[in-house]
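[1] Have a look at this prediction, sequence included:
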Amino acid sequence: MKEVKEMMKLNNGIECPEIGIGTYMLTPEQAENSVREALRMGYRMVDTANAYVNERACGRGIRDSGVDRKEIFVSTKLWPSEYTNPNAVDETLERLGLDYVDLLYIHQPAGDWLAGYRQLEKAYREGKARSIGISNFEGKYIESLKDKWEIVPQFIQVEAHPYFTQRELRQTTDPLGIRIMSWYPLGHGDSRLMSEPIFAELGRKYGKTPAQTILRWHIQMGFSVIPGSRNVAHIKDNFDILDFELSEDDMSRIAELDRGERYYHRTDEQLSQFAGWRPSFEQR
Ligand SMILES: NC(=O)c1ccc[n+]([C@@H]2O[C@H](COP(=O)([O-])OP(=O)(O)OC[C@H]3O[C@@H](n4cnc5c(N)ncnc54)[C@H](OP(=O)(O)O)[C@@H]3O)[C@@H](O)[C@H]2O)c1
């Protein structure tokens, strides 16, 4: 078995865990519980967003975990309504109860996204964000931003899983050392992906579940992965992927599932709606 890595190096020299806990669609109570329990069992990365309306809860989970803040890689995202709010970063930090985050994204290429990106660059320079990223900026959006950024982002967070491996995007991001962080890594819980016979077969071979096999595939693709869960048993299983390695042949067979098939199709109309919506942030 090859050496097991748990951290990946980013294009600015800092390190990020290969796996973290995602909190999309988790209520504040669920997010607090999942974050606290994940950190207690060894996770060292948490992904949230302004739009999930659970940043305060994630902050409580982080504090209650008892894990030293400096050991945790905290990722959050500015929503488009905040791109032109000059206090957006400070308000985000206040909700989290932190004085810096490890990764700050702009969530969508909607509204004045260049103003949003400039806020990330400012936060990076001021030490309020140790790394920065773009989310859902595939295709024409990353191409347009490429001419304008002053700081190359460390991450792009996009839908990625064995049915949709972001082959085209990687041709742009790989030469720039921009890492992919996979959302919907388990297909948002879709039973079809997890029931693909190859994952049961490989799971038997390595003594792992289909979900663990899929998550292992992500990190061997060089992706950072943030499976979401409100179930402590799943959270525990999802972290138990660092002690085995899929072979080259396994990876090639999984590659055959790539059909360029997304679960989530965003329209231009949705982007305009995103620009006009402001999250009802938690008050406490
Ligand atoms: N940037 C973006 O626009 C964007 C969009 C979507 C998501 N994200 C981020 O990416 C993260 C991951 O995406 P996601 O949470 O939507 O989808 P996901 O991680 O692909 O799937 C989550 C679903 O899978 C289930 N699940 C988790 N572990 C499992 C296991 N071991 N066995 C069986 N079922 C399992 C969960 O149910 P249980 O709760 O029952 O475990 C939940 O229903 C999010 O939480 C969020 O942080 C970002």
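    Noted; the coordinates are in hand.
[2] wait, doesn't residue 166 sit right on residue 179?
    No - contact criterion Cβ atoms under 8 Å: residue 166 and residue 179 do not qualify, at 11.4 Å. Every C-beta, even on glycine, is put in place using the N, C-alpha and C of the backbone.
[3] Count the residues that sit near residue 99.
    Per other Cβ atoms under 10 Å, the neighbour tally for residue 99 reads 11.
[4] Next one: it from residue 69, what distance?
    Residue 99 sits 9 Å away from residue 69, going by Cβ to Cβ, to the nearest Å.
[5] what about residue 261, neighbour count?
    12.
[6] That one is in what secondary structure piece?
    In the assignment (DSSP states H and E), residue 261 maps to no helix and no strand.
[7] contacting residues for the residue nearest to it when sequence neighbours are not counted?
    Nearest non-adjacent residue to residue 261, counting by Cβ to Cβ, 6 or more residues apart in numbering: residue 163, 4.5 Å away. By Cβ atoms under 8 Å, 6 or more residues apart in numbering, the contact list for residue 163 reads 187, 193, 257, 258, 259, 261, 262, 263.
[8] Now, those residues that are in helices?
    residue 193 (DSSP state H).
[9] In contact with the closest residue to residue 253 other than its chain neighbours, which residues?
    Leaving out its chain neighbours, the residue that sits closest to residue 253 by Cβ to Cβ, 6+ apart is residue 198, at 5.8 Å. Contacts of residue 198 were listed using Cβ under 8 Å, 6+ apart, and they are 253, 254, 257.
[10] Make TSV out of the residues you listed and add neighbour count.
    Below are these laid out as TSV (neighbours: other Cβ atoms under 10 Å):
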residue	neighbour count
253	14
254	22
257	18
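[11] so can I have TSV of the residues you listed showing distance to the ligand and pLDDT?
    Formatted as TSV, the contacts of residue 198 follow (distance: Cβ to the nearest ligand atom, whole Å; pLDDT from 0 to 100):
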residue	distance to the ligand	pLDDT
253	21	98
254	16	98
257	15	98
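[12] Which of these sits closest to residue 131?
    residue 254 (28.4 Å; Cβ to Cβ).
[13] tell me the secondary structure for that closest one?
    Put simply, residue 254 is helix when judged by DSSP: H, G, I helix; E, B strand; the rest coil.
[14] these two touch, right, it and residue 161?
    No - applying Cβ under 8 Å, one finds residue 254 not in contact with residue 161, separated by 10.3 Å.
[15] Quick one, which of the contacts of residue 163 has the minimum pLDDT?
    Across those, the bottom pLDDT score, 92, is held by residue 259.
[16] ok, how many other residues are close to it?
    Count around residue 259 with other Cβ under 10 Å applied: 10.
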